[in-house]
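K.L.:
curious how this folds, go ahead:
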Amino acid sequence: MSVTNIDDLDALRGQARASLDGAADEAAIEEWRLTYLSRKRGRVTAAVDALKSLPPTERPAYGKRVHALKGELEAEFEARREALARHRLDEMVTSGRVDVTLPGRSKPVGRLHPVTQTLRDMIAAFAELGFQVAEGPEIEWDYYNFEKLRIPRDHPARDMQDTFWIDVTRPDGERPMLLRTHTSPNQIRVMERQQPPVRVVVPGRCYRAEATDATHEWMLQQVEVLAVDEGISLADLKGTLDHFAKRMFGPDRRVMLHHSYFPFVEPGVEMAVDCFLCGGAGCRTCKGTGWIEIMGAGMVHPEALAGVGYDPERYTGFAAGIGVERIALLRHGIDDIREFYKNDPRFLDQF
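P.N.:
Next up, the predicted model:
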């Protein structure tokens, strides 16, 4: 309809209100807005524009009424839209009402990875003896990883540790870096930082460029154990490791040390525990021997002590390196190390 006077405005008001009252949903109310209030084709907008074509004497009264109508309909539109939104929300609440007296739906609870569980238990076993936790870098200098541990560049012991090398050039010359192959370099770093007595365990990841199979991974976790003080002997080493074995595998465990070679200790030993599955009778786990090797250890070499400024005539110490995954494999009777890092919930949920 064409609006040219005040009577036309009254008729437009009646039509707009009736149409707004009949808008029952969002689509209908949006169509009403486009019909009456939109800037391009709205009827109220057209009525405002008609003010320019009226005689000057009629404009004041018409202008006052048309602007009042526009404000009135805009307010009624907002009120109607809010009422529809509240009604829709009420319907949603009613249809989706939850009986709060019903038991809640349980959600799966996460837990520590079995290797992490084992690592924490290992650290706790040594903490009971007064050892503190120290950490060191995973990207290490050749100087700490090999040279300060009595493994020079031409030493055959380097062949035992397939290494990820990183070439780095420094102002004083090239000093190769690497992903550490063991946690033993932290022996040196700890001793450089403090004077005896030293009692630390150093947990951390190590990396070796070797083929992955049931007993080897390119990444493994170790715990390095170091104690340095006056009068420390091999008996102290055995007593410490005996306590560790009993905490990890049960109070009835027995330990056995036999000689082995590691460049940074003298003497060096391998430690074994009696098989907790067969009781020493011989089985597949202990390969029929009744014993299971679990770590390498030994007395810190006097040259390693002297290399950090300790007096080897005054101080002695012991060190051990323990593979966390190996302990976890034995504790849980798992025969493939790769299972730990497949991230299969069916495997991990057992722990």
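
K.L.:
quick check: the gap between residue 341 and residue 218.
P.N.:
Per Cβ to Cβ, to the nearest Å, residue 341 is found 10 Å from residue 218. In short, each C-beta sits where N, CA and C put it, glycine included.

K.L.:
one more: residue 229?
P.N.:
Using Cβ to Cβ, we find residue 229 at a distance of 36 Å from residue 218.

K.L.:
likewise for residue 47?
P.N.:
80 Å.

K.L.:
ok, now residue 231?
P.N.:
41 Å.

K.L.:
tell me which of these two has more neighbours.
P.N.:
A direct count of neighbours by other Cβ atoms under 10 Å for residue 231 and residue 218 places residue 218 higher, at 14 against 8.

K.L.:
what pLDDT does the more buried one get?
P.N.:
Note for residue 218: predicted pLDDT of 85.

K.L.:
could you list the buried residues of stretch 285-296?
P.N.:
Using 16 or more other Cβ atoms under 10 Å as the burial criterion, the residues of stretch 285-296 that qualify are 286, 290-296.

K.L.:
got a list of what residue 112 touches?
P.N.:
By Cβ atoms under 8 Å, 6 or more residues apart in numbering, the contact set of residue 112 is residue 120.

K.L.:
try 6 Å this time
P.N.:
Under the criterion of Cβ atoms under 6 Å, 6 or more residues apart in numbering, residue 112 has no neighbours.

K.L.:
and it, that's in a strand?
P.N.:
No: secondary structure of residue 112 (DSSP: H, G, I helix; E, B strand; the rest coil): coil, not part of a strand.

K.L.:
how much space between it and residue 221?
P.N.:
13 Å.

K.L.:
for the helix or strand in which residue 206 is found, what is the average pLDDT?
P.N.:
Assigned by DSSP states H and E, residue 206 falls within strand 198-207. Averaged across strand 198-207, pLDDT comes to 93.

K.L.:
buried ones in that strand?
P.N.:
198-204, 206-207.

K.L.:
of those residues, which pair is most distant in space?
P.N.:
Spatially, the most separated pair among the buried residues of strand 198-207 is 199 and 207, at 26.9 Å (Cβ to Cβ).

K.L.:
dump the buried residues of strand 198-207 into TSV; add distance to residue 60 as well.
P.N.:
Below are the buried residues of strand 198-207 laid out as TSV (distance: Cβ to Cβ, whole Å):
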residue	distance to residue 60
198	98
199	97
200	93
201	93
202	91
203	88
204	87
206	91
207	88
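
K.L.:
so which of these is the closest to residue 348?
P.N.:
So of those, ranked by how close each gets to residue 348 (Cβ to Cβ), first place is residue 203, at 20.3 Å.

K.L.:
quick one: find the helix or strand in the chain with the lowest mean pLDDT.
P.N.:
strand 173-174 (a mean of 58; mean pLDDT, DSSP states H and E).

K.L.:
which helix or strand contains residue 123?
P.N.:
Here residue 123 is assigned to helix 114-127, by DSSP H and E.

K.L.:
with residue 188 instead?
P.N.:
Using DSSP H and E, residue 188 maps to helix 185-193.

K.L.:
can you give the contact residues for that helix?
P.N.:
Residues contacting helix 185-193 (Cβ under 6 Å, 6+ apart): 134, 136, 140, 144-145, 148, 200, 202, 224, 226, 308, 319.

K.L.:
how much space between residue 209 and residue 307?
P.N.:
27 Å.

K.L.:
so which of the two has more stuff around it?
P.N.:
Shown here are residue 209 and residue 307; by other Cβ under 10 Å, residue 307 has more neighbours (18 against 13).

K.L.:
setting aside sequence neighbours, what's the nearest residue to that one?
P.N.:
residue 148 (5.8 Å; Cβ to Cβ, 6 or more residues apart in numbering).
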